[in-house]
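Enquirer: Got a predicted structure plus its sequence, pasted below:
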Amino acid sequence: MSEEKAKAGKKAVQEKPKAAKAAEEQAKKAEAVEKPAAEAKTEEASGKNAEKPKPAEKEQATAKKAGEKPEAAEKKQEEKTQKDGEKTAEKKQQKETVEKKQEEAGKKKKKKEKVKLEKVRKSPEVKRLMELVKQKRKRPVFRGRFGKRKIRKKSVEKWNKWRKPRGIDIKRKKEDGAWPRPGYGALREIKGIHPSGFAEVMVSNPSQLSGIGKNIAVRISAGVGRKKRLEIARQANKQGIHVLNY
């Protein structure tokens, strides 16, 4: 029994390399069959890619089918390209014209009509009044005594003015400011006169300039628009009237 077992083991060992060799031979045969098939597929794909016609060749082929000559097809293609180029050029021209119009409109908006005010020669009377205004001394602050000095401060414009104290028990101090008395007022000649030496007159229409003398300056009211301001400035230049605000 032991001898039979040893013989069977030897046979199995001998048969193993034979089976491996047979499997290797079968794999080689399969590779040899698959390689030419794969090469053939790649050649077919490359041939298809190479055979793909260009658009010009396509048109020539369609022209041949329709019975046209290749020269006519080429002419048609050239005409198409020319039309496309003309369309693009027209679009560019349209864009340029629109941009130019927009630029011109912007420039027109920016440019505003202006009137240069001519210098008016001052008469000796105006010069004399101007010097008197310069010599005018400053007035002290007339505040009065209001109480609540922390709230009603001198720095606030509302409270920086004179209010007559109405009370029998009110006592005044230096902190309350000066008391208004005769002598603080300006000269009658200077009252209502601008520091330039001209007397001021408020105007809101060009028609109001008629009858204004040479020693009088004009102040345009705040509610007047630009158009009317230009008219007033032109009329003032003609009449030789000085305009204080323009």
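Expert: Perfect, I can see it now.

Enquirer: Domain ranges for the chain, per the record?
Expert: 2-52, 61-110, 114-136+187-246, 139-185 (automatic domain parsing).

Enquirer: the strands in this protein, which residues?
Expert: Ranges of strands in the chain, per DSSP state E, are 199-203, 216-220, 242-245.

Enquirer: Out of those strands, indicate the one that is most buried.
Expert: The highest average neighbour count among the strands of the chain, using mean count of other Cβ atoms under 10 Å, belongs to strand 216-220 at a mean of 19. Every residue, glycine included, has its C-beta placed from N, CA and C.

Enquirer: End to end on stretch 190-208, go ahead and measure it.
Expert: Counting by Cα to Cα, to the nearest Å, you get 24 Å between the two ends of stretch 190-208.

Enquirer: mind starting the numbering at 657 from now?
Expert: Fine by me, first position is 657 from now on; the one you just mentioned is stretch 846-864.

Enquirer: Show me what counts as buried in that stretch.
Expert: Buried residues in stretch 846-864, counted by 16 or more other Cβ atoms under 10 Å: 846, 849-850, 852-854, 857, 859, 862.

Enquirer: and if you look at stretch 781-788?
Expert: Neighbour-count burial for stretch 781-788 [16+ other Cβ under 10 Å]: 782, 785-786.

Enquirer: what comes into contact with it?
Expert: Stretch 781-788 has contacts (Cβ atoms under 8 Å, 6 or more residues apart in numbering) with 778, 843, 845-846, 849, 851-854, 871.

Enquirer: Which of those residues sits closest to residue 753?
Expert: residue 852 (52.3 Å; Cβ to Cβ).

Enquirer: Might you list the low-confidence residue ranges for this protein?
Expert: 657-677, 686-726, 762-767, 797, 799-805, 808, 818-820, 828-832 (pLDDT under 70).

Enquirer: rewinding a little: for the contacts of stretch 781-788, which one is nearest residue 811?
Expert: Checking the contacts of stretch 781-788 one by one against residue 811 (Cβ to Cβ), the nearest turns out to be residue 851, at 25.2 Å.

Enquirer: which non-adjacent residue is nearest that closest one?
Expert: In space, and not counting its chain neighbours, residue 851 is closest to residue 789: 5.4 Å by Cβ to Cβ, 6 or more residues apart in numbering.

Enquirer: And the closest residue to residue 810 other than its chain neighbours, its phi and psi?
Expert: Using Cβ to Cβ, 6+ apart and skipping residues adjacent in sequence, the residue nearest residue 810 is residue 816, 5.4 Å away. Backbone torsions of residue 816, given as degrees, to the nearest 10, read phi -90, psi 60.

Enquirer: Much appreciated, bye for now.
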